[in-house]
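**Q** 3D, please:
(one chain, ligands or ions: 2)
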Amino acid sequence: MLGNFKYYNPTKLYFGKDAMDGLGIELSRYGKNVLLVYGGGSIKENGIYDRVVTALKQHGKNIFEDGGVMPNPTIEKLREGCERARKAQADFILAVGGGSVCDYAKALSVSVHCGEDAWQKYFIDFDEPTCEIVPVGCVLTMVGTGSEMNGGSVITNHQQKLKIGHVFGDNVFPKFSILNPEFTYSVPRYQMISGIYDIMSHILEQYFSGRDDNTSDYLMEGLLRSLIHSAEIAVKDPRDYEARSNIMWTATWALNTLVAKGKTTDWMVHMLGQAVAAHTDATHGMTLAAVSMAYYRYVLHYGLPKFARYAVNVWGVSPEGKTEEETALEGLDAMERWMKRIGLVMNLSELGANREMLDGIVQSTVIMTGGYKILDAQEIYRILEASL
Ligand code: NZQ
Ligand code: ZN
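**A** Ligands and ions are numbered 1, 2, ... in the order given. Next comes the predicted model:
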């Protein structure tokens, strides 16, 4: 049942080959001091940096740089960024990069004027910001997380072996995002595929919950079919604009709060993946791919009708003459074949995890309660073991 909810998404999107035209329009709405946040340097190689700096200069901005945001951004980097932003008296934060850069920019936006320890406040106590929030804009260069149109911010604390996401309210969403599919052409194949699976996982985490008849599920089945189709094209030809643009648009809608409406949502695959990353620093989407099949084959028995529906409506499995379980399992088999075909990492060993790490990974795993089965520590261990 859909129940009561508020729906509001404040992020303005500029999509397509001309999306950068929107940057100038938006920049004029904000103050002079812009903190330009980016990652390890890919934007300097593919020309995006030059285009952004030109736009900033044209609009008379004072540019302060905060580069070197790593994949899976750390709390240490966030603390350093706060110093820079304060020194710059930043009026605006412009994130140019993938999910890591965008997540980091959001964490920065609520930490610059916070006066408390950001890790403790936002990622342990899950407090909401009470300080001034520096507005953020995003030029997206890598597709997958949906960070361009949501309040999510995932930060890693290596010392505590924790990778935690805080989903902030709409006051922390990017004010605008520039989505030019061509900007993603230079993303390495491994990252592109990882991002594709991240999108799939976001949809499935929301889809595999609830037992009602819900519009959100129908929307998600459509998004999944588009993603599965476009992914096959993109891995063969990464410069296929149609496929890359469809994937980009699907990523945004997979995690911008729309399809979560009326859903309890699971997120257990993400909790497992984030725990793995806290111990290995592995690429986000790959950590999800490596644990997914073991997890879904385990929880399938607790949510059988939905898994059978998934098999039929998303993977085209015929239910004729089959039990619900047979249909459901065939759907997961089809999903696994697709995952292998597009080149995903299918086990944890390849990501640097080993049996000795499993107890620690179990301890780092946050247990969620919205899916078909609330796992205990032993079940988590067994799923991780089956994923090795
Ligand atoms: O750092 P640079 O040099 O930019 O290189 C990056 C990085 O090495 C590279 N890249 C990005 N755009 C490129 C490019 N290389 C060439 N050309 C381009 N156009 O790709 C690598 C990965 O980038 P990253 O931003 O780390 O990837 P992604 O977008 O997958 O973000 C991952 C982070 O987002 C979090 C993850 O946990 C992880 O920390 N997530 C955020 C979510 C949210 N905000 O809602 C939800 C997700 O579930 C996820 O947890
Ligand atoms: Zn994700």
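
**Q** The closest residue to E132 other than its chain neighbours: neighbour count?
**A** Distances taken as C-beta to C-beta, 6 or more residues apart in numbering put H113 closest to E132, at 4.5 Å, once the chain neighbours are dropped. Heads up, the C-betas are built off the backbone N, CA and C, glycines and all. When neighbours are counted by other C-beta atoms under 10 Å, H113 registers 15.

**Q** and the one helix or strand W249 maps to, what does it pack onto?
**A** Taking DSSP states H and E as the criterion, W249 maps to helix 241-254. Packed against helix 241-254, as judged by 3 or more C-beta pairs under 8 Å, 6 or more residues apart in numbering; DSSP states H and E, are the following elements: strand 12-15, strand 176-179, helix 189-207, helix 215-236.

**Q** mind running it again at 7 Å?
**A** Applying 3 or more C-beta pairs under 7 Å, 6 or more residues apart in numbering; DSSP states H and E, one finds that helix 241-254 makes contact with helix 189-207, helix 215-236.

**Q** in it, what's buried?
**A** Going by neighbour count (16 or more other C-beta atoms under 10 Å), the buried part of helix 241-254 is 243-254.

**Q** what about the helix or strand following it, distance to the chain center?
**A** As assigned by DSSP H and E, the chain's next helix or strand after helix 241-254 is helix 268-280. On the basis of C-alpha atoms, centre = their mean, to the nearest Å, the separation between the geometric centre of helix 268-280 and that of its chain is 13 Å.

**Q** tilt between helix 268-280 and helix 189-207?
**A** With axes from the mean of the first three to the mean of the last three C-alpha atoms, to 10 degrees as the criterion, the two stretches helix 268-280 and helix 189-207 enclose an angle of 140 degrees.

**Q** following helix 268-280, which helix or strand shows up next?
**A** In N-to-C order, the element after helix 268-280 by DSSP H and E is helix 284-299.

**Q** For that following helix, give the mean pLDDT please.
**A** Taken as a whole, helix 284-299 carries a mean pLDDT of 98.

**Q** Compute the distance between the residue of the chain positioned farthest from its centre and E242, please.
**A** Counting by C-alpha atoms, centre = their mean, the extreme residue of the chain relative to its mean C-alpha position is G321, 38.5 Å from that point. Between G321 and E242 the distance is 37 Å, computed by C-beta to C-beta, to the nearest Å.

**Q** Need the CA coordinates for stretch 289-305. CSV is fine.
**A** What follows is stretch 289-305 as a C-alpha-only set of coordinates in CSV (Å, rounded to 0.1, in the frame of the first residue of the first chain):
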residue,chain,number,x,y,z
ALA,A,289,27.9,-7.9,-7.6
ALA,A,290,30.2,-10.3,-5.6
VAL,A,291,27.6,-10.9,-2.8
SER,A,292,24.3,-10.6,-4.7
MET,A,293,23.8,-14.1,-6.1
ALA,A,294,24.5,-15.8,-2.7
TYR,A,295,22.3,-13.3,-1.0
TYR,A,296,19.3,-13.5,-3.4
ARG,A,297,19.5,-17.3,-3.6
TYR,A,298,19.2,-17.3,0.2
VAL,A,299,16.4,-14.8,0.7
LEU,A,300,14.4,-16.1,-2.3
HIS,A,301,12.5,-18.6,-0.1
TYR,A,302,11.2,-15.8,2.1
GLY,A,303,9.9,-13.7,-0.8
LEU,A,304,9.1,-16.3,-3.4
PRO,A,305,6.1,-14.6,-5.2
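
**Q** quick one: contacts of it?
**A** Outside stretch 289-305, the residues within contact range by C-beta atoms under 7 Å, 6 or more residues apart in numbering are 197, 201, 208, 268-269, 272-273, 276, 307, 324-325, 328, 332, 336, 339, 344-348, 351, 371-373, 383-384, 386-387.

**Q** So is that stretch next to ligand 1?
**A** No - residues of stretch 289-305 contacting ligand 1 under C-beta under 6 Å from any ligand atom: none, with a closest distance of 12.4 Å.

**Q** List the buried residues of that stretch.
**A** Of the residues in stretch 289-305, those buried under the neighbour-count criterion (16+ other C-beta under 10 Å) are 289-300, 303-304.

**Q** what do you get for stretch 189-208?
**A** Of the residues in stretch 189-208, those with enough neighbours to count as buried (16+ other C-beta under 10 Å) are 191-208.

**Q** Ligand 1 contacts on the stretch 1-150 of the chain?
**A** Proximity of the stretch 1-150 of the chain to ligand 1 (C-beta under 6 Å from any ligand atom) is limited to residues 39-43, 46, 71-72, 97-101, 103, 141-142, 144-147, 150.

**Q** hmm, back to that, how close does the residue farthest from the centre of the chain sit to T156?
**A** The span separating G321 from T156 equals 49 Å under the rule C-beta to C-beta.

**Q** swap in T145?
**A** 14 Å.

**Q** Verify the stated contact: G371 with F208.
**A** Yes - under the criterion of C-beta atoms under 7 Å, G371 makes contact with F208 at 6.1 Å.

**Q** one step back: which two of the buried residues of stretch 289-305 have the greatest separation?
**A** Spatially, the most separated pair among those is A290 and L304, at 24.3 Å (C-beta to C-beta).
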